[in-house]
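In: curious how this folds, go ahead:
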Amino acid sequence: MFYLPLNYADLNNLAGHYSPSMVKAYNNATYAYWERSLFQRACSKLKTTLPENWEGSRRDFLLYCLLKLGFVFVSRNDRVGYWFNPGSLYGIDFYYQPTEFILANPRAYDVLGVDKSTRFRLHEEGELLKFMPDYMGIFDIISYYAEKLSALDSAINMSIINNKFCFILAGKNKATVEALKKMFDKINKGEPAVFLDKALANDPTDQDQPWQFIELQKLKDNYITDKQLIDFQTILNAFDAEIGINTVPYQKAERFVSAEADSRRNDSQARITCAIECLKSSIKDIKKLYPDISLDFNLREEDMQNGNSKMDTDGNVQLR
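Out: Alright, predicted model coming up:
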């Protein structure tokens, strides 16, 4: 592909579709990093039981489809056994639910022996595996927090650069400037003492100071990186609460009572519980068509210690 430079009209058209035009919140490397990181963070909460031919890279594709698109179609074929694929929905029944699934896969004929735009009747030729009741995934949540983390990430980088401490010295003549350079070279090398010619300390002709020190802004009063890092962790904790990862605000750790911890845990389980219940409900419908399919989704619990008990990763409580 040949590179064609953009003219003024093209650049104006691209910049004009951003609001505000000076802020490119999504088309940058830090946003892509946080989108990927938060997606993997969300995947870590799901514990899956899948058909054998869905493991490996196919499992990764399944999770991507569920979290990004919100649903997949599950069916069975004599050639490949149980299979799933993303696609489109069509029709409406008495309860305003779709009645058909449209498969748009260019390899459908080669693999399944059907046309790439084949329509499957839901509840008869296959069933939907849904992540959320509204047929949506959670990439809106991921994008929402990735944009904030990306914006704060660049602010932290700018703060770190601007908070570097340095000296600004003005020498009266070239000899004084060179002497000051040599002094700071020796200091930065770690020498315990630096010796200065007395003539440089006091000009014998006019008794004027040979150099001046220009004081920078008071960094202690303006240092904001520590506050930005707290806000950074607060945003990340808010995302964790959205997807079911239990967090404790570290700025309140000393006075974080058990009632607040329980409230925080309940808050963090709200949306992920909705997702798990929706998955299990759709799996129940799938098993009506295919009773022998090995398919299940559960919440991967975290190791938690609370008094006299410890919760393992399968959610079983073990007494000490």
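In: switch to C-alpha atoms for all contacts and neighbour counts from now on
Out: Will do.
In: per-residue pLDDT, the residue nearest to residue 26 when sequence neighbours are not counted?
Out: Spatial nearest neighbour of residue 26, chain neighbours left out: residue 147 (6.5 Å); criterion: C-alpha to C-alpha, 6 or more residues apart in numbering. Residue 147 is assigned a predicted lDDT (pLDDT) of 92.
In: check residue 300 too.
Out: Confidence at residue 300, expressed as pLDDT, is 80.
In: separation between it and residue 283?
Out: Separation of residue 300 from residue 283 (C-alpha to C-alpha, to the nearest Å): 18 Å.
In: so those two - more neighbours on which side?
Out: residue 283 (22 against 18; other C-alpha atoms under 10 Å).
In: now for the biggest strand by length in the chain, which elements pack on it?
Out: The longest strand of the chain (DSSP state E) is strand 71-77. Packing partners of strand 71-77 (3 or more C-alpha pairs under 8 Å, 6 or more residues apart in numbering; DSSP states H and E): helix 57-68, strand 81-85, strand 127-130.
In: residue 48 is in contact with residue 296, correct?
Out: Yes: if you go by C-alpha atoms under 8 Å, residue 296 and residue 48 touch, sitting 5.9 Å apart.
In: where's the residue nearest to residue 26, which helix or strand?
Out: Using DSSP states H and E, residue 147 falls within helix 139-162.
In: so what strands line up beside the helix or strand that that helix is followed by?
Out: Scanning forward in sequence from helix 139-162 by DSSP H and E, the next helix or strand is strand 168-171. Strand 168-171 has its sheet partners listed here by DSSP bridges as strand 211-214 (antiparallel).
In: partners of residue 85 in the sheet?
Out: Applying DSSP bridges, one finds that residue 85 bridges with residue 73.
In: and residue 71, what does it touch?
Out: By C-alpha atoms under 8 Å, 6 or more residues apart in numbering, the contact set of residue 71 is 65, 86, 128, 129, 130, 131, 135, 136, 137.
In: can you tell me how far the last one is from residue 235?
Out: Yep, that's residue 137 we're talking about. According to C-alpha to C-alpha, residue 137 and residue 235 sit 20 Å apart.
In: which one's more surrounded, the two?
Out: Higher neighbour count among residue 137 and residue 235: residue 137, with 21 against 17, using other C-alpha under 10 Å.
In: and the gap between the more buried one and residue 150?
Out: In this view, residue 137 and residue 150 are 21 Å apart by C-alpha to C-alpha.
In: before we move on, what about residue 40?
Out: For residue 40, the distance to residue 150 equals 16 Å [C-alpha to C-alpha].
In: please, which helix or strand holds the residue most central in space within the chain?
Out: By C-alpha atoms, centre = their mean, the chain has its centre lying nearest to residue 38, at 2.6 Å. Residue 38 is part of helix 29-43, with elements assigned from DSSP H and E.
In: name the helices or strands packed onto the helix or strand just after that helix?
Out: Remark: after helix 29-43, the chain's next helix or strand is strand 46-49, criterion DSSP H and E. The contact analysis (3+ C-alpha pairs under 8 Å, 6+ apart) places strand 46-49 against strand 296-299.
In: list the buried residues in the strand it packs on.
Out: Across strand 296-299, burial judged by 16 or more other C-alpha atoms under 10 Å covers 297, 298, 299.
In: turn the residues you listed into CSV, including distance to residue 155.
Out: Converted to CSV, the buried residues of strand 296-299 look like this (distance: C-alpha to C-alpha, whole Å):
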residue, distance to residue 155
297, 39
298, 38
299, 35
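In: tell me the contacts of the closest residue to residue 97 other than its chain neighbours?
Out: Closest residue in space to residue 97, ignoring its immediate chain neighbours: residue 91 at 7.7 Å, by C-alpha to C-alpha, 6+ apart. If you count contacts by C-alpha under 8 Å, 6+ apart, residue 91 has them with 97, 98, 99, 100.
In: among these, which one has the most neighbours?
Out: Highest neighbour count within those, by other C-alpha under 10 Å: residue 100, with 22 neighbours.
In: partner residues bridging it?
Out: Judged by DSSP bridges, the bridge partners of residue 100 are residue 90, residue 121.
In: for it, which residues are in contact?
Out: 89, 90, 91, 119, 120, 121, 122.
In: wait, the residue nearest to residue 26 touches residue 31, no?
Out: Yes: using C-alpha under 8 Å, residue 147 is in contact with residue 31, at 6.0 Å.
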